[in-house]
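Asker: Have a look at this prediction, sequence included:
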Amino acid sequence: MLDKTLTPGSFETRLYEGWERSGAFACHPESGAPPFTIMIPPPNVTGSLHMGHALTFTIQDTLVRWRRMQGRDALWQPGTDHAGIATQMVVERLLASEGRQDRRGMGRAAFLDRVWQWKAESGGTITKQLRRLGASLDWPRERFTMDEGLSKAVLEVFVTLHRQGLIYRDRRLVNWDPKLLTAISDLEVESREVKGHLWHLRYPVEGAPGEFITVATTRPETMLGDTAVAVHPTDARYAALVGRRVILPLVGRAIPVVADEYSDPEKGTGAVKITPAHDFNDFEVGRRHGVAMPTVLDPEARVILAEIEAELRAVAGVADPDFVRSLAGQDRFAARKAIVARLEELGLLEKIEPHTHQVPHGDRGGVPIEPRLTWQWYCDAATLAKPCIEAVEDGRMRFVPKQWENTFFAWMRDIQPWCISRQLWWGHQIPAWYAPDGTIFVEKTEAEARAAARAKFGHDVTLTRDEDVLDTWFSSALWPFSTLGWPERTAEVARYYPGDVLVTGFDIIFFWVARMMMMGQHFMGDVPFRDIYIHGLVRDERGQKMSKSKGNVMDPLELIDAYGADALRFTICALTGPGRDVKLGRKRVEDHRGFITKIWNAARFLEMNGVAPDAGFDPATAKTPLARWILDAANRAVAEATAALEAYRFDEYAAACYRFVWNGFCDWFIEFAKPVLNGPDGAEKAEVKGAAQHVLGTILRLLHPAIPFVTEELWDRFGYGPECSLIRAPWPEAVPVAGAEAAREELDWVVRLVSEVRAVRSEVNVPPSVTTPLLVRDAAPESLARAGRWIEAIRRLGRVTEITPLDGQVPKGVAQAVLGEATVMLPLEGVIDVPAERARLAKARGTAEGEAKKIAAKLGNADFVARAPEEVVEENRERLAAARAEIARLDAALARIAD
RNA sequence: GGGCGCUUAGCUCAGCGGUAGAGCGCUUCGUUUACACCGAAGAUGCCGGGGGUUCGAAUCCCUCAGCGCCCA
């Protein structure tokens, strides 16, 4: 017997282990079944399961389980990425907390050993947590981006792209994180609004004592590296100054005033200082005008004078080399303070305005990034992006929802060179070796590099390997094929590439989607996946983004403990509409748990009544209207659910299942079945039980992708199959049902009758204890026959004693309802609240009247009748007739209780 | 500044040319052999404003407003 209450915790772990142990999650490269592949976007190895993961992995698991049931050979590839910066930070913090030597103290090799040790102990927490969610990943195939095989793929790709000229070394301005001391990508930079100031500085014009040009800046400390002042070419205020020079205060260097459209006459003073080595826009201006680009901040963003020292010059009242020298080694913010103070003393600070602006911050380190001119490795993203853009344009790849294509195109068409080197230790070390003369040898191994060097120089030279590692996304970009064994030509590569769908959030389109496309197109000659399903973000009930600082994060594991994994998963499916964020609160999960419980209780009722799996039951031979009706309804639910999943409409899938199970199967079928189940054994009872077990089996299969645990538990407990077999059961399909149309008409009529009786009773305040006969007037013979066939159910659900036709005198004190051609009456003299009944009928009449008027107006419009499709006109005529007939019957009913 | 999205019942959202819907909440009633994580009934809408297209607009177009996100 099933327990009275559902306790998901009592079977979730057992079932998951059962599935995993029996190999239910495994793909079968040798099988003849068509494959279905989803590559997990590998979570960060330092990560732990949060709500965003719960969302994305629920969706992926639902798709995978569904396709697997459809007979596809499903591969859901698990794994994690090595998260260069994040992991290195975690381990460095660990060392600090243990009071150990820091990274530099212990040296690269020892540090990397420590990271691997950390990974073995604590890495991949998330893979254990994913099991709690029920994720059916093919675990024995789990991969890590630093694995030997995947690292081999990285070498292959790097060396190949380098030979093709698509990877190169260059000295450009990069986003430099002065805290983590590494370059980071544009995508790892986030703008934060900062309340700062706009400092207006006076730069004296050379050879014109007392004449100044005032520049406005948010970063006065960078003025040490200014090499120009820019004004807009059409700005009359400064036209005379263009081509002249100004004296850079403090430094004493003369710098030109240039005309450049970058300067915005509306902003600040209309004149801007140009510091090419510390600002991306200034860099471009500097390049256009061929000015010098001295660096004045070191890797830790402290003032460094090496590149400007030679030009320091004392100018009375303007420049002071000693002061500038005193700044050396000072942090950029301390230097800012000192510089502003000194300029003020010199009378060169015109004013300070409060100014709120966007300041780029490193998303990991959290400090403002400092653009710096450095040598880095770059990947020619624009070239790699081209075929990807084409693939989306011609439909080889499809975004769902489609609107994300715009975002994708906008980014891909304006893509910048991808800086792929990072000044970290944890990651794939760049396979580049430098000869003493600076010649670079890019090879897969040191031996090959040495051989190449020998070939070039004719003798051995000392080679030094590049110390930097590659951006983590470089290896993640190879994931769709490196996990399958590439560059080896494995059976898996041939079979599971390209994947069917990539499921991810829009925030990751550029990190993931774009880069996997580039590498997939280039090395595999084909897209990495066909569909890209973009879901929303998880937010709290109020629509706020979840964040630790706001304190509104929810822990999916805690919700699973409280309500079960199925409840969380079903909630997610139900709330995941297209292109919408998911507002999730505890209450939402609690609400949806009701549905899981409902299924459990319905199954428990059927079990109590001896309903058990019967493989011999053939739906096609069902004869009773009840069996035919529910089998037919199940067919429609199957069609709806399947169509919804095919369209990635998880909300519609959940809703279709919910409606069918709750409002169809539970509310009506089981209620109608009760009299039969309580009645004598026989053909009718056997058939109702047969239909019940058949439809329950359908429901369990239909819902398994979303709520795998309860469905599997019930499937096993009922004996539909052996332990843990639902996951392998076939996806339901429509079954032939004879006389479905007639069955639907019959049962729908009974449902309407019962509903009318209930509504009447409730509205005229008939106590539940009172039962009444049902008098039927003007009923067609078929209606009376139906009433007779369903008398038991009507008695029970409508609190009716008997049903009799009424021809003659209407008793006093009846409550009435119109049902099609018939009027049903409940004789309730003494019980009925007559004014309430009159009001009720009048209201019903009013509704019908309003309806009739609306339709009559429509039909009175000659244009409508002439231009609307014939079937629409006809439909409206029928509706008008029905409304008028109903008004007539309601008038008659009102007349009967007129006195 | 550019782009995208949203605005429908108290709340969360479906619907996207032809009868305005669901879930939750609310009100009333209810322990009838599954389920109170339940059952029955009920109330609640100028479908953001304005204009246009159409026989017909929540739905298509334009415009305005508000909110949100992304990019400068």
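Answerer: Sure, I can see it. Worth saying up front: this structure is predicted, and the values here are computed from it rather than measured.
Asker: For the stretch 101-250 of chain A, what lies in contact range of RNA strand B?
Answerer: For the stretch 101-250 of chain A, the residues in contact with RNA strand B (CB under 7 Å from any atom of the strand) are A:Asp186, A:Leu187, A:Ser191. All C-beta spots, glycine's among them, are computed from the backbone N, C-alpha and C.
Asker: What is the neighbour count of the second one?
Answerer: In other words, A:Leu187. Using other CB atoms under 10 Å as the criterion, A:Leu187 is surrounded by 18 other residues.
Asker: okay but it is in contact with A:Phe510, surely?
Answerer: Yes: the pair A:Leu187 and A:Phe510 qualifies as a contact (CB atoms under 8 Å) at a distance of 5.6 Å.
Asker: Buried residues, stretch A:871-884. List them.
Answerer: Residues of stretch A:871-884 classed as buried by neighbour count (16 or more other CB atoms under 10 Å): A:Val873, A:Asn876, A:Arg879, A:Leu880, A:Ala883, A:Arg884.
Asker: ok, so of those residues, who is nearest RNA strand B?
Answerer: Closest approach to RNA strand B among the buried residues of stretch A:871-884 (CB to the nearest atom of the strand): A:Arg879, at 5.9 Å.
Asker: Distance of the nearest residue to the closest one once chain neighbours are set aside relative to RNA strand B?
Answerer: In space, not counting the residues next to it along the chain, A:Arg879 is nearest to A:Ile855; the distance is 5.5 Å by CB to CB, 6 or more residues apart in numbering. The spacing between A:Ile855 and RNA strand B, counted by CB to the nearest atom of the strand, to the nearest Å, is 8 Å.
Asker: can you list the domain ranges for chain A.
Answerer: Per the record, chain A has its domains at A:31-158+A:472-535, A:163-177+A:372-383+A:404-470, A:189-367, A:560-738, A:745-832, A:835-897, by the TED database.
Asker: Let me have those in a markdown table, extended by distance to A:Arg21.
Answerer: Compiled in a markdown table, the domains of chain A are given as follows (distance: least, CB to CB, whole Å):
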| stretch | distance to A:Arg21 |
| --- | --- |
| domain A:31-158+A:472-535 | 11 |
| domain A:163-177+A:372-383+A:404-470 | 34 |
| domain A:189-367 | 39 |
| domain A:560-738 | 8 |
| domain A:745-832 | 44 |
| domain A:835-897 | 58 |
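Asker: Go through those and name the closest to A:Arg398.
Answerer: domain A:31-158+A:472-535 (5.2 Å; CB to CB).
Asker: Would you mind measuring the gap between the ends of the closest one?
Answerer: Domain A:31-158+A:472-535 has its terminal residues 32 Å apart, counting by CA to CA, to the nearest Å.
Asker: quick check: mean pLDDT across it?
Answerer: Taken as a whole, domain A:31-158+A:472-535 has a mean pLDDT of 92.
Asker: A:Leu181 versus A:Pro299, what's the distance?
Answerer: As defined by CB to CB, to the nearest Å, A:Pro299 lies at a distance of 5 Å from A:Leu181.
Asker: Can you name the next helix or strand after the strand or helix carrying A:Ala842?
Answerer: Counting by DSSP states H and E, the element that carries A:Ala842 is helix A:834-860. Next helix or strand after helix A:834-860 toward the C-terminus (DSSP H and E): helix A:862-867.
Asker: one step back: out of the residues of the stretch 101-250 of chain A next to RNA strand B, which sit inside strands?
Answerer: Under the assignment DSSP state E, those contribute A:Ser191 to strands.
Asker: need the residues of the stretch 251-400 of chain A near RNA strand B, please.
Answerer: So far as CB under 7 Å from any atom of the strand goes, the stretch 251-400 of chain A lies against RNA strand B at A:Gln358.
Asker: On the three-state scheme, the one residue in the stretch 251-400 of chain A that gets nearest to RNA strand B is what?
Answerer: With CB to the nearest atom of the strand as the measure, the residue in the stretch 251-400 of chain A that lies nearest RNA strand B is A:Gln358; the distance is 5.7 Å. Applying DSSP: H, G, I helix; E, B strand; the rest coil to A:Gln358 yields a three-state assignment of strand.
Asker: so how far is A:Ala410 from it?
Answerer: Using CB to CB, which is the criterion applied here, A:Gln358 is 19 Å from A:Ala410.
Asker: And for A:Gly105?
Answerer: Between A:Gly105 and A:Ala410 the distance is 46 Å, computed by CB to CB.
Asker: and what of A:Ala622?
Answerer: A:Ala622 sits 57 Å away from A:Ala410, going by CB to CB.
Asker: Check A:Ala654 too.
Answerer: According to CB to CB, A:Ala654 stands 33 Å off from A:Ala410.
Asker: Ok, A:Leu753 next?
Answerer: In this view, A:Leu753 and A:Ala410 are 59 Å apart by CB to CB.
Asker: and what of A:Ala208?
Answerer: When CB to CB is the yardstick, A:Ala208 and A:Ala410 sit 47 Å from each other.
Asker: One more: A:Asp282?
Answerer: Computed as CB to CB, the A:Asp282 to A:Ala410 distance reads 25 Å.
Asker: These two: which has the busier surroundings?
Answerer: Here A:Asp282 and A:Ala410 are set side by side on neighbour count (other CB under 10 Å), and the busier one is A:Asp282, at 26 against 9.
Asker: tell me the phi and psi of A:Ala183?
Answerer: With angles defined as degrees, to the nearest 10, A:Ala183 sits at phi -70, psi 150.
Asker: wait, doesn't it sit right on A:Ile420?
Answerer: No: checked against CB under 8 Å, the pair A:Ala183 and A:Ile420 is beyond contact range at 9.3 Å.
Asker: got the residue ranges for the helices in the stretch 601-750 of chain A?
Answerer: Applying DSSP state H, counting those that start in this stretch to the stretch 601-750 of chain A gives helices spanning A:625-646, A:650-658, A:671-678, A:683-703, A:708-718, A:740-763.
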